[in-house]
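A.B. asks: Sequence and predicted structure, then a few things I'm wondering about:
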Amino acid sequence: MSKFADIQIDPAIIKRAARGDVRAHEILYRAFATPVYSLCLRFTRVPAHAEDLVQETFIEVMRSIGQFRGEAAVGSWIRRVAVSKALMFLRSAWTSRSQSLADGWDDMTPGDAASHGISRHPDDALDLDAALAGLPSVSRAVVWLHDVEGYTHKEIAALMGKTESFSKSQLSRAYQRLRPMLDVNQDGLEANGAAVRSY
C-alpha cells in the first residue's frame, strides 16, 4: 500500500476545504502532492506528464471535495482520483496512437534484460523501476495497481473499463516478463554470495 493511507488529515480541514477555504485546500495539496506525483510518475514515466496529472488531480479534488462522504480515509479518495486521472491520460495516449488497452506486448525492443534497463553485473541489485519501465504501459499500470496499491482485479477492471480476466491476464503476462529479469538478478546474487563464501 502506498503512503496515502499513512497521511492523517483533521476532519475539520476537510470540512473547511468543502466550503472553499483556500488555506484548507493548500493543506490538502501539501499533504498529498508528493504521493500523488510518485503514483502518476509510475504510470507515465515522464516527470512533466506526472506534474500535469498532479495539477489535474488536485483541481478535481478541490472541485469534488464537497461530495467526499468520509466513508474511507481522504487519502484513499485522493489516491482513487489520481489513479483515475493517470488512467485517463494513458487511455488518451493509447487512443491517439490507435492502440487498445490490450496492445503493446510486441512494441518492446527485442533483446536481453540489459536492453530494458537491467544491469548485466551480478553484484548489482535489481532496479525495480527499470524492470517495470520495460513493461508496456497497461501491464505496468496493472502491476502497480494490484501489487503496490492493493486494488483487486475487479477494481482494476472497473477502472480500465475491462473484465477481471483482462486484469488477471495482464498481471500474469507482466509476471512472465519480469520473471527472467528477477531470475537473472537472483542467479547473479547467488553466484556473488558463493564467491564471497569461497574466500
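C.D. replies: It's in.

A.B. asks: just how off-centre is stretch 166-174 within its chain?
C.D. replies: Relative to the mean C-alpha coordinate of its chain, stretch 166-174 is positioned 15 Å out (C-alpha atoms, centre = their mean, to the nearest Å).

A.B. asks: any low-confidence regions in the protein?
C.D. replies: By pLDDT under 70, the weakly predicted segments of the chain are 1-2, 93-129, 181-199.

A.B. asks: switch the cut-off to 80
C.D. replies: Counting by pLDDT under 80, the chain contains low-confidence residues at 1-3, 5, 91-134, 148-149, 179-199.

A.B. asks: quick one: the residue nearest to Leu178 when sequence neighbours are not counted from Gln170, how far?
C.D. replies: Sequence neighbours aside, Ala131 is the residue nearest to Leu178 in space, at 5.6 Å (criterion: C-beta to C-beta, 6 or more residues apart in numbering). All C-beta spots, glycine's among them, are computed from the backbone N, C-alpha and C. Using C-beta to C-beta, to the nearest Å, Ala131 is found at 16 Å from Gln170.

A.B. asks: Repeat that for Ala33.
C.D. replies: The spacing between Ala33 and Gln170, counted by C-beta to C-beta, is 29 Å.

A.B. asks: out of the two, which sits in the busier spot?
C.D. replies: Set side by side, Ala33 and Gln170 give different neighbour counts by other C-beta atoms under 10 Å, the larger being at Gln170 (28 against 16).
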